[in-house]
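Q: this one's structure only:
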């Protein structure tokens, strides 16, 4: 996959070039995992590395400088901008442990975001980029967190699980009044914490489902496909809830 640096100055390109090279080398290893185990067949044409400002004002109006479509992944490599964005998720809540965690946002965290975007291109996901993408967005988003975090190791996975579990509990009363199956309806309206709330929940839901199946991600994908092939006769969350409560 090609790497394209799209900044307003040559100095910005030079500033981020070494980090971007490291990120792309790691992505190549993760791509091998996706190809061998998770039906990654076609990758985007390139990763478009750009500033947070350009990512959210020129290439898109989305408030988060990381997204993908069929042809490109767009991502900002600006670690300081990402740290600020992560801290905005706290929305003024006094959570010193989580604040400390996000203040250390570094290359592993950036790589997770990059790998997340590539994971969306797996053929195991049923919705195409140009589909309305409803009914199961939470599953795809949650799995796109789960797989890169597992790739990054047990310590990374467990620490971030704890952080996002705490954030869900913190914001549950404020934002938790809707089903996870509604993910996608007005997702990018509101504060950063309201936007991220369903992403946190999606990851935790997928984690619980995989753990119920003893870590067998392939079995979870098989069940997801069976739900689709049966006609999506109930919500995906209810479908998995029924399976995961069956003794």
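A: Yep, it's here. Keep in mind it's a predicted model, so treat the numbers as computed, not measured.

Q: Give me the domain ranges for the protein.
A: Annotated domains of the chain cover 1-124, 128-247 [automatic domain parsing].

Q: would a markdown table of those with mean neighbour count and mean pLDDT be doable?
A: Quick note: C-beta positions are derived from backbone N, CA and C, even for glycine. Shown next, in a markdown table, are the domains of the chain (neighbours: other C-beta atoms under 10 Å; pLDDT from 0 to 100):
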| stretch | mean neighbour count | mean pLDDT |
| --- | --- | --- |
| domain 1-124 | 16 | 96 |
| domain 128-247 | 16 | 90 |
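
Q: my read is residue 3 is in a helix, agree?
A: No. Residue 3: not assigned to a helix; according to DSSP: H, G, I helix; E, B strand; the rest coil it is strand.

Q: Quickly list what it is bridged to.
A: Going by DSSP bridges, residue 3 is paired in beta bridges with residue 47.

Q: residues in contact with it?
A: By C-beta atoms under 8 Å, 6 or more residues apart in numbering, the contact set of residue 3 is 20, 21, 24, 46, 47, 49.

Q: which one of these is nearest residue 227?
A: The nearest member of the contacts of residue 3 to residue 227, counting by C-beta to C-beta, is residue 47 at 31.9 Å.

Q: do you know how far the closest one is from residue 68?
A: Relative to residue 68, residue 47 is positioned 9 Å away (C-beta to C-beta, to the nearest Å).

Q: Overlap in contacts, these two.
A: Common neighbours of residue 47 and residue 68, using C-beta under 8 Å, 6+ apart, are residue 74.

Q: I'd like the distance between residue 139 and residue 222.
A: Relative to residue 222, and taking C-beta to C-beta, residue 139 is found at 13 Å.

Q: Likewise for residue 149?
A: 21 Å.

Q: Residues in contact with stretch 16-29: which ones?
A: With C-beta under 8 Å, 6+ apart, stretch 16-29 has contacts from 1, 3, 5, 7, 47, 49, 77-79, 107, 110-111, 114-115, 118.

Q: ok, of these, which one's closest to residue 199?
A: Of all the contacts of stretch 16-29, residue 115 has the smallest distance to residue 199: 14.9 Å, by C-beta to C-beta.

Q: Report the distance from stretch 232-243 to the chain centre.
A: Centroid displacement of stretch 232-243 relative to its chain, using C-alpha atoms, centre = their mean, to the nearest Å, is 22 Å.

Q: so what's residue 140 up against?
A: Contacts of residue 140 (C-beta under 8 Å, 6+ apart): 120, 125, 127.

Q: For residue 36, state which of the contacts of residue 3 is nearest.
A: For the contacts of residue 3, the nearest to residue 36 is residue 24 (19.0 Å; C-beta to C-beta).

Q: In which helix or strand does that closest one reside?
A: Assigned by DSSP states H and E, residue 24 belongs to helix 10-37.

Q: All the strands of the protein, in order from the start?
A: 2-6, 46-50, 66-68, 72-75 (DSSP state E).

Q: got the contact list for the second one?
A: Outside strand 46-50, the residues that touch it by C-beta under 8 Å, 6+ apart are 1-7, 16, 20, 24, 27, 59, 65, 72-77, 114.

Q: same thing but 10 Å
A: Residues outside strand 46-50 that contact it (C-beta atoms under 10 Å, 6 or more residues apart in numbering) are 1-8, 12-13, 16-17, 19-20, 23-24, 27, 54-56, 58-59, 65, 68, 71-78, 114, 117-118.
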